[in-house]
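**Student:** sequence and computational prediction follow.
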Amino acid sequence: MIHQSEFTVRTGGRGMHEVTAEVGRAVSDSGVRIGLATVFVHHTSASLTFCENADPDVRRDLETVFARLAPDGDAELRHRTEGPDDMPAHVRSVLTRTSVTLPVADGRCDLGTWQGLYLWEHRARGHARRISVTVVGE
Amino acid sequence: MIHQSEFTVRTGGRGMHEVTAEVGRAVSDSGVRIGLATVFVHHTSASLTFCENADPDVRRDLETVFARLAPDGDAELRHRTEGPDDMPAHVRSVLTRTSVTLPVADGRCDLGTWQGLYLWEHRARGHARRISVTVVGE
Amino acid sequence: MIHQSEFTVRTGGRGMHEVTAEVGRAVSDSGVRIGLATVFVHHTSASLTFCENADPDVRRDLETVFARLAPDGDAELRHRTEGPDDMPAHVRSVLTRTSVTLPVADGRCDLGTWQGLYLWEHRARGHARRISVTVVGE
């Protein structure tokens, strides 16, 4: 049994947007009770990451760390077609994930207690981000 | 054909624990001859990574590099609910993998010669880490 | 329906090699119209990454950033069995991806407009890199 669906997240610029509920809905709609769900973001300047969803400071701290790993306006980088945050957005995407696959059990996403899935917008301004969910199972 | 199982690794604190054999057992138990195995860690302060399994210095060096990328007690980070290694553990998890999917061929994990799969405990003290394996195939 | 195939990329040393077309061919050969394709690299010193495939400066800039994150000849690292680029290659592999799973729709890889999949050779000299593609679907 295979079920494919998609949704769009309209971001307001750099930051993390929880999509656990949207993915859970796609799994529920699929009718699959046991199997796998693959979430895929169809862009190279936004990405996916699992993150603790209890304390919002965790997301703030992740921004702090990634701003060091890939600072905007880095003078050694050449690709700045769309501005000083263009190439750092690609670096952040490469360091995180474009696709994640999670287990489906009892008809729902089998995640840890405080484990949420986030779309991470890496560009300074907002974008419409297309995300697809493919559920395989029985 | 879908087969789902899980196991727990009791870690003794920060470090890498090879789980290649446990995943191989789950694949063998599934009866799948050709397909895919998705390994998933149900936590956000431990993660999965593929790593050379010949020279233990590789794991030691990975700790050295990740201690630079995400040092314990980093003064700029706010989330320290569970101590100075709390937020760095989340950063290490984000920089590595929560789920990996590997090919199954001839009824076993089709890995490279020195390619092992590791659970990486990122917290200073030990934890019980839940890992699930979902095998899909024929 | 499950279809497994593989191909080899002969690299000329460190750098990124687009494999989007090879993966597309494997998907096309599988006959799967809707489903998932998992690409896996059977090595720990080369990896996979999604990257913008329009401006080659993006790949050049990624090399610049990763040369900072994991510099060759790093004096604090011990594993240098195969030279000063040996351990940095493992670090680069851990920071990127060994397996990626992408959606298949209408019989082809459903990627974003400028989203390409790359094999990233992390060793200084060239190697033959084995990549497998497992397609699951209908």
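**Tutor:** Nice, thanks for sending it over. Residues are numbered from 1 along each chain as shown, chains lettered A, B, ... in the order given.

**Student:** C-alpha from now on. contacts and neighbour counts both.
**Tutor:** OK.

**Student:** the closest residue to A:V41 other than its chain neighbours: helix or strand, and which one exactly?
**Tutor:** Of all residues not flanking A:V41 in the chain, A:I131 sits nearest, at 4.6 Å (C-alpha to C-alpha, 6 or more residues apart in numbering or on different chains). For A:I131, the element it lies in under DSSP states H and E is strand A:128-137.

**Student:** just the strands in chain A please.
**Tutor:** A:2-10, A:15-18, A:35-41, A:46-52, A:99-105, A:108-109, A:115-121, A:128-137 (DSSP state E).

**Student:** JSON lines please, covering those and showing mean neighbour count, distance to B:S5 and mean pLDDT.
**Tutor:** Output for those, formatted as JSON lines (neighbours: other C-alpha atoms under 10 Å in any protein chain shown; distance: least, C-alpha to C-alpha, whole Å; pLDDT from 0 to 100):
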{"stretch": "strand A:2-10", "mean neighbour count": "16", "distance to B:S5": "21", "mean pLDDT": "98"}
{"stretch": "strand A:15-18", "mean neighbour count": "20", "distance to B:S5": "27", "mean pLDDT": "98"}
{"stretch": "strand A:35-41", "mean neighbour count": "26", "distance to B:S5": "11", "mean pLDDT": "98"}
{"stretch": "strand A:46-52", "mean neighbour count": "25", "distance to B:S5": "21", "mean pLDDT": "97"}
{"stretch": "strand A:99-105", "mean neighbour count": "24", "distance to B:S5": "10", "mean pLDDT": "98"}
{"stretch": "strand A:108-109", "mean neighbour count": "22", "distance to B:S5": "15", "mean pLDDT": "98"}
{"stretch": "strand A:115-121", "mean neighbour count": "23", "distance to B:S5": "19", "mean pLDDT": "98"}
{"stretch": "strand A:128-137", "mean neighbour count": "22", "distance to B:S5": "15", "mean pLDDT": "98"}
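
**Student:** hang on, the earlier thing: okay, now the sheet partners of the strand holding A:I131, with direction.
**Tutor:** When pairing is defined by DSSP bridges, strand A:128-137 lines up against strand A:2-10 (antiparallel), strand A:35-41 (antiparallel).

**Student:** state the distance from A:A128 to chain C.
**Tutor:** A:A128 is 13 Å from chain C, where distance means C-alpha to the nearest C-alpha, to the nearest Å.

**Student:** next: A:L48.
**Tutor:** Applying C-alpha to the nearest C-alpha to A:L48 and chain C gives a distance of 13 Å.

**Student:** so A:Y118 touches A:V19, yeah?
**Tutor:** Yes: A:Y118 is in contact with A:V19 according to C-alpha atoms under 8 Å; the separation is 5.4 Å.

**Student:** closest to B:R60 out of the strands of chain A?
**Tutor:** Among those, the nearest to B:R60 by C-alpha to C-alpha is strand A:46-52 (25.3 Å).

**Student:** and the angle from the closest one to strand A:115-121?
**Tutor:** 150 degrees (axes from the mean of the first three to the mean of the last three C-alpha atoms, to 10 degrees).

**Student:** now for strand A:46-52, which elements pack on it?
**Tutor:** On a contact count with 3 or more C-alpha pairs under 8 Å, 6 or more residues apart in numbering or on different chains; DSSP states H and E, strand A:46-52 meets strand A:35-41, helix A:57-69, helix A:86-95, strand A:115-121, helix B:86-95.

**Student:** again, only using 6 Å
**Tutor:** strand A:115-121 (3 or more C-alpha pairs under 6 Å, 6 or more residues apart in numbering or on different chains; DSSP states H and E).

**Student:** how about the strand it packs on as CSV, C-alpha atoms only?
**Tutor:** Extracted C-alpha coordinates of strand A:115-121, given in CSV (Å, rounded to 0.1, in the frame of the first residue of the first chain):
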residue,chain,number,x,y,z
GLN,A,115,10.5,14.4,19.3
GLY,A,116,9.0,16.8,16.7
LEU,A,117,9.7,17.2,13.0
TYR,A,118,10.5,20.7,11.8
LEU,A,119,10.8,22.4,8.5
TRP,A,120,13.7,24.8,8.8
GLU,A,121,13.6,27.9,6.6
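
**Student:** ok, the closest residue to A:A46 other than its chain neighbours - contacts?
**Tutor:** Nearest residue to A:A46, sequence neighbours excluded (C-alpha to C-alpha, 6+ apart): A:E121, at 4.6 Å. The contact partners of A:E121, by C-alpha atoms under 6 Å, 6 or more residues apart in numbering or on different chains, come to A:14-15, A:46.

**Student:** what separates A:E121 from A:M16, distance-wise?
**Tutor:** Applying C-alpha to C-alpha, to the nearest Å, the value for A:E121 to A:M16 is 6 Å.

**Student:** find the closest residue to chain B in chain A.
**Tutor:** Per C-alpha to the nearest C-alpha, the residue of chain A with the smallest distance to chain B is A:G112, at 4.5 Å.

**Student:** which parts of chain A sit against chain C?
**Tutor:** A:42-44, A:77, A:79 (C-alpha under 6 Å from any C-alpha of the partner chain).

**Student:** measure stretch A:75-91 end to end?
**Tutor:** OK, stretch A:75-91 end separation, C-alpha to C-alpha: 15 Å.

**Student:** who's in contact with that stretch?
**Tutor:** A:44-45, A:70, A:72-73, A:122-123, C:57-58, C:61.
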